[in-house]
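> fold the following.
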Amino acid sequence: MNATIKALARHQVRILLGRRRLFLVVLLAVFPVVIAGIVHGVSYLKGGSPMGAKALFQGLASGYYLIATLLLNLILGLALVSDEVEGRTLPYLICRPIPRAHIVYGKYLALLAVGELALLASLVAAYLACYAPSGRGALLHGLRGLAGALVWIALSVPAYGAAFTFLGALARKPLNVAAAFVFLWELALGCTPTALRKLTITHYLLSLSPESQPLNTLVDLLGLRSSTWVSVVSLLALTVIYVWGAGAVFAKRQYISAAE
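Modelled structure (predicted):
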C-alpha cells in the first residue's frame, strides 16, 4: 500500500478519535451490551431464568447492527471531506504534492479501521453479555452464530463506509443526499422485486444474514435472496466502485469556493 495513503489514514484516525463524534461511535458500540444486560437483569429480578441467549443475540445481530452500521458510517463517512471544507483546512491538504484521490483513500482507510474495530468489538461484547448468564456450554454452542455475524459486519462496514465517503465527496449538502440514499435507495429499493435491488448494498447484506427478522422474511417470501458467493463478490465490487468514485470526484471537484 502507498506510504502516503497510510500516513493520511493514521492522521485521520487521530482526527476521528479526537472529535466529539467519538462519543457517538462509543455509544453505538456500547448500546447493545447495555440492552443485553438490562434484559437479563429484568429477568433475574423477576425470579426467572435468563432470557434465551440465542434469541437475544439474534435479535441484536440481525436488527440492531444493520442500523448501527448505517449510522456509524454515515456519521464518519460524510464528515471525511466536509470537515476539511467547513474547517477551511482543505487547501493545506490539496496543495501538497500528492494525488488528490490518495487523500480520500487515506481517509477511507481510517474510517474502515475505526468502524471495524468499534462494531466487531461491540458484537463480541454483546455476544458475551447475551450468552454468559447461560453458562459456558451456551457460550460455546453459539460460536457459529457469532462467526457469521462477524463476517457480516466485516463486509458491511467497508461497503456502507465507501458509499457514504462517496456521497460526502459528491454533495454540497451530504446529509440530505445520504437520507435519500438510505431510505429511497437502500431500504426501499433493496426489497423490491426488480433488478435494481441488485445495485444496493442492503440487498446483499440481507442475503447474507441468516437471522430471522421482518426484512429477511420479506426477502425470502419474494424470492429475492442472492447466493452467498454472489453477495460477497457484489459487496466487494460495490465497495471498490464507491471508493474509486469518491477518489475521482474529489480529484476533480473544486471545494475551496464552497468553503468561502
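> which stretches of the stretch 51-200 of the chain have low pLDDT?
Per-residue confidence of the stretch 51-200 of the chain (counting by pLDDT under 70) places the weak regions at 51, 87, 90-91, 93-94, 190-191, 193-194.
> next, R144: secondary structure please.
For R144, the assignment made with DSSP: H, G, I helix; E, B strand; the rest coil gives helix.
> and I201, how far from L236?
11 Å (Cβ to Cβ, to the nearest Å). Every residue, glycine included, has its C-beta placed from N, CA and C.
> so for the two, which residue has more residues nearby?
The neighbour comparison of I201 against L236 (other Cβ atoms under 10 Å) goes to I201, with 24 against 14.
> contacting residues for that one?
S156, A159, Y160, A163, E186, G190, L235, L238 (Cβ atoms under 8 Å, 6 or more residues apart in numbering).
> hmm, try it at 6 Å
A159, L238 (Cβ atoms under 6 Å, 6 or more residues apart in numbering).
> V25 too?
A118.
> what pLDDT does the model give it?
V25 is assigned a predicted lDDT (pLDDT) of 88.
> also the one 4 residues further on?
The predicted local confidence for A29 comes out at a pLDDT of 93.
> which of the helices or strands spans it?
helix 21-45 (DSSP states H and E).
> tell me the buried residues in that helix?
R21, V25, L28, A29, P32, V33, I35, A36, V39, H40, S43 (16 or more other Cβ atoms under 10 Å).
> what's the most distant pair in these?
Pairwise distances across those peak at 34.2 Å for R21 and S43 (criterion: Cβ to Cβ).
> what helices and strands are in contact with the helix or strand containing Y131?
Y131 is part of helix 100-131, with elements assigned from DSSP H and E. In terms of contacts (3 or more Cβ pairs under 6 Å, 6 or more residues apart in numbering; DSSP states H and E), helix 100-131 is packed against helix 3-17, helix 21-45, helix 53-59, helix 65-77, helix 143-170, helix 228-252.
> between those, which one is closest to Y92.
Of these, nearest to Y92 by Cβ to Cβ is helix 3-17, at 11.7 Å.
> tell me the angle that closest one makes with helix 100-131.
Angle, helix 3-17 to helix 100-131, by axes from the mean of the first three to the mean of the last three Cα atoms, to 10 degrees: 50 degrees.
> contact partners of helix 3-17?
I98, H102, Y105, G106, K107, L109, A110, A113, V114.
> ok, the fourth one - contacts?
Right, G106. By Cβ under 6 Å, 6+ apart, the neighbours of G106 are I5, L8, A9.
> confidence score at the second one?
What the model reports as pLDDT for L8 is 78.
> change the start of the numbering to 30 and stick with it
Understood, numbering begins at 30; the last thing we discussed is L37.
> residues near it, how many?
As a burial measure, L37 scores 23 neighbours (other Cβ under 10 Å).
> again, but for the first one
The local packing of I34 (other Cβ under 10 Å) involves 20 other residues.
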